[in-house]
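Colleague: this one's structure only:
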């Protein structure tokens with residue numbers, strides 16, 4: 001068990017499928033949990049810059065997104081929704097989803113995952129410079145160690 005102060009958010013420069021240099025992100029796990037434990041939770045702190053979008057993707061686990069500030073256009077499957085400050089978005093496993101900041105200010109969200117390894121199958125991309133010709137990837141991100149690998 002542990003308590004984590006609000007983490008420092010970093011620009012999104014490392015993911016070749018979700019390159020958003022104006023948006024910022026940090027992943028947090030329980031610092032008191034054992035290193036091999038995967039049944040803990042992972043929390044993503046994110047500020048999505050005005051006009052930026054999280055590309056469509058899926059996960060094999062459920063996700064909960066809390067909108068703290070701003071307005072998002074959320075895509076789930078073939079439907080689009082508007083989520084504003086105070087909204088909670090429940091995303092079932094395997095549902096194609098993504099969101100876009102449709103406001104003028106940063107969209108501040110928290111995403112909660114039931115585990116510390118996040119599997120992501122990208123459906124579309126915000127390609128990093130020089131990777132525009134690459135197909136969407138399928139990868140696992142270990143929030144506890146910071147490692148990621150292709151599936």
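Modeller: Thanks, I have the structure now. If you're wondering where the values come from, they're calculated on a predicted model, not measured in any experiment.

Colleague: When you work out contacts or count neighbours from here on, use the C-alpha atoms and nothing else.
Modeller: Fine.

Colleague: Next SSE downstream of the host helix or strand of residue 66?
Modeller: If you go by DSSP states H and E, residue 66 is part of strand 63-69. Per DSSP H and E, the first helix or strand lying C-terminal to strand 63-69 is strand 71-76.

Colleague: Just the buried positions in the strand ranked longest in the chain, please.
Modeller: The longest strand of the chain (DSSP state E) is strand 20-29. Buried residues in strand 20-29, counted by 16 or more other C-alpha atoms under 10 Å: 20, 22-29.

Colleague: ok, which stretches of the protein are strands?
Modeller: Using DSSP E, the strands found in the chain span residues 10-12, 20-29, 42-48, 53-58, 63-69, 71-76, 79-84, 88-91, 97-101, 107-113, 117-122, 138-142, 148-150.

Colleague: Of those, which is nearest residue 3?
Modeller: strand 20-29 (9.6 Å; C-alpha to C-alpha).
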